[in-house]
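Participant: I'd like to go over a predicted model; first the sequence, then the structure.
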Amino acid sequence: MKKLISAVLAIALVACAFPAAMAEQPAGWAAADVSRAAGLGLVPETLQSEYSRLITRAEFCALAVGVYEAAMERVITERVSFPDDRGDPGIQKMAGLGVVRGSNGLFDPDGTFSREMAAVLFVGLLDAMSIPLPPVPPGYPSFTDTDLIAGWALTYVGQIQTVGVIAGTGSGAFNPKGLFSRQEAMVLALKLWDWMEIEPEVTPTAVPATATPEPTAVPTQTPPPETTSPPVAENPLVGTWFAVDEDNDDTMLEFAFNNSGEFYLMECVDNRWYSYVMVMAGTYTTEGNRLCLTLARVIFFDDEDFEAFDAPDVYDDDELELWLVFSVTGTTLAAASENSDYEDEIVFTKSAPSGLWDFSR
């Protein structure tokens, strides 16, 4: 098993030692949105660097201020301070509008920001701008992990799901405790902006009445014979698969595939010495029992750091592909490096996703 782990993840290990300068530019998937958000004035200059770093509570407030002031075309003059806010204007402005309130009299400016927190802040921000949200349909929020959403955030998540600003993951989950990098938060802020901008009121134009012409007879045509399309073969790889290293039970692998040809392989290590998550993400194709993984992104994060980069910017083309042989039997996926005589085979079991990573990130 270790041989396959090494073959699949060796290229990703570079993420741990990769120069921090890589994070000075947004990732390829986010670059256009980040640039547009900055051009609209939504992103303060203080956030236009270290795009892959996890965003803090104070920084998310600064981003929210950018959205508000650009939309309302006014500088926020209201202020409410906290003993630990260090005079941060973003925190004080959002608190002044009643969008954020802190906890137990404090704000924790350096704390991280979760997906459920973002839902609460965005709804509060829209309320502060007097922008109404549409009614929440019955049964919302309708995610597969709704039971994991905190009670104080449940209604807000349902509201923000209704407008699609923060969507669920590819598995239908919301991942409420999931955290944002700076660039992910900027992309969300732009989605909120676009939702506000694409809701114009349309006044219907009166159409003058005209005489209705007599219907013209249409010749009867014989419909073509019905044809039945052959059934599309189901992709047996689609889903989420788990395996635990038999030599180190503190190491877990999560292998996931979707119907859009995307995959991610995540290694999670948690022991008394260190804890981290490493993710390889990209696209896949199959040829019979051969599986080709093409690497697109490498991500590494732990309690302190979040590093990510686009693999094609760093590696040669021949370093981006890995060929495996695989077989799927019921809820079991067996995979091994090609030409390895199956000495490094890993047997995965199909299960629900852990929520640590998903295809939307």
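Facilitator: Sure, I can see it.
Participant: So which helix or strand of this structure has the lowest pLDDT on average?
Facilitator: Least confident helix or strand, the chain: helix 14-17 with a mean of 38, by mean pLDDT, DSSP states H and E.
Participant: Who are the packing partners of the helix or strand following that one?
Facilitator: Remark: after helix 14-17, the chain's next helix or strand is helix 28-39, criterion DSSP states H and E. Packing contacts for helix 28-39, counted by 3 or more C-beta pairs under 8 Å, 6 or more residues apart in numbering; DSSP states H and E, involve helix 182-197. Glycine gets a C-beta too; all of them are placed from N, C-alpha and C.
Participant: Can you dump the C-alpha atoms of stretch 111-126 in CSV for me?
Facilitator: Output of stretch 111-126 as CSV, limited to C-alpha atoms (Å, rounded to 0.1, in the frame of the first residue of the first chain):
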residue,chain,number,x,y,z
GLY,A,111,-10.3,33.2,14.1
THR,A,112,-11.2,31.3,11.0
PHE,A,113,-14.4,31.7,9.1
SER,A,114,-16.7,28.7,8.3
ARG,A,115,-19.3,28.2,5.6
GLU,A,116,-22.2,28.5,8.0
MET,A,117,-20.7,31.8,9.4
ALA,A,118,-20.5,33.2,5.8
ALA,A,119,-24.2,32.4,5.3
VAL,A,120,-25.1,34.3,8.4
LEU,A,121,-22.9,37.3,7.5
PHE,A,122,-24.2,37.5,3.9
VAL,A,123,-27.8,37.4,4.9
GLY,A,124,-27.1,40.2,7.5
LEU,A,125,-25.3,42.2,4.9
LEU,A,126,-28.2,42.0,2.5
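Participant: contact partners of it?
Facilitator: 54-57, 59-60, 64, 67-68, 94, 97-100, 132-133, 149-150, 152-153, 156-157, 159-160, 165-166, 174-180, 185, 188, 192, 196 (C-beta atoms under 8 Å, 6 or more residues apart in numbering).
Participant: Filter these down to the buried ones and express that as a PyMOL selection.
Facilitator: Command for PyMOL, covering only those of those found buried under the criterion 16 or more other C-beta atoms under 10 Å:
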select buried, resi 54+55+56+57+59+60+64+67+68+94+97+99+100+133+149+153+156+157+159+160+165+166+174+175+176+177+178+179+180+185+188+192+196
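Participant: can you give me the strands for the stretch 201-350 of the chain?
Facilitator: For the stretch 201-350 of the chain, the strands defined by DSSP state E, counting those that start in this stretch cover 239-244, 251-257, 262-270, 275-287, 290-301, 306-310, 321-329, 332-337, 346-350.
Participant: and the contacts of stretch 111-126, which of them are in helices?
Facilitator: Counting by DSSP state H, these place 57, 59-60, 64, 67-68, 94, 156-157, 159-160, 185, 188, 192, 196 in helices.
Participant: Can you tell me which of those comes closest to residue 241?
Facilitator: Nearest to residue 241 out of the ones in helices among the contacts of stretch 111-126 is residue 157 (C-beta to C-beta; 28.1 Å).
Participant: In this structure that closest one contacts residue 176, no?
Facilitator: Yes - between residue 157 and residue 176 there is a contact under C-beta atoms under 8 Å: 7.0 Å.
Participant: OK, contacts around the closest residue to residue 97 other than its chain neighbours?
Facilitator: Setting aside the residues directly before and after it, residue 97 is nearest to residue 128 in space (C-beta to C-beta, 6 or more residues apart in numbering), at 4.4 Å. Residues in contact with residue 128, defined by C-beta under 8 Å, 6+ apart, are 68, 97-99.
Participant: Over to residue 106?
Facilitator: For residue 106, the contacting residues are 82-84, by C-beta under 8 Å, 6+ apart.
Participant: how many other residues sit next to residue 43?
Facilitator: 25 (other C-beta atoms under 10 Å).
Participant: roughly how far apart are it and residue 186?
Facilitator: According to C-beta to C-beta, to the nearest Å, residue 43 stands 6 Å off from residue 186.
Participant: Touching both of these two, which residues are there?
Facilitator: 34, 37, 63.
Participant: For ChimeraX, what selects the buried ones among those?
Facilitator: Selecting only the buried entries of those in ChimeraX, with 16+ other C-beta under 10 Å as the criterion:
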select :34,37,63
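Participant: so how far is residue 113 from residue 171?
Facilitator: In this structure, residue 171 and residue 113 are 22 Å apart, going by C-beta to C-beta.
Participant: and if you look at residue 55?
Facilitator: Per C-beta to C-beta, residue 55 is found 6 Å from residue 113.
Participant: what touches both of those two?
Facilitator: Counting by C-beta under 8 Å, 6+ apart, the shared contacts of residue 55 and residue 113 are 179-180, 185.
Participant: pLDDT-wise, what's the bottom of the residues you listed?
Facilitator: Lowest pLDDT within the shared contacts of residue 55 and residue 113 is found at residue 180 (82).
Participant: Contacts only, for it.
Facilitator: Applying C-beta under 8 Å, 6+ apart to residue 180 gives the contacts 54-55, 60, 113-115, 118, 188.
Participant: Among those, which one sits closest to residue 265?
Facilitator: Taking C-beta to C-beta as the measure, residue 265 lies nearest residue 54 of the contacts of residue 180, at 21.7 Å.
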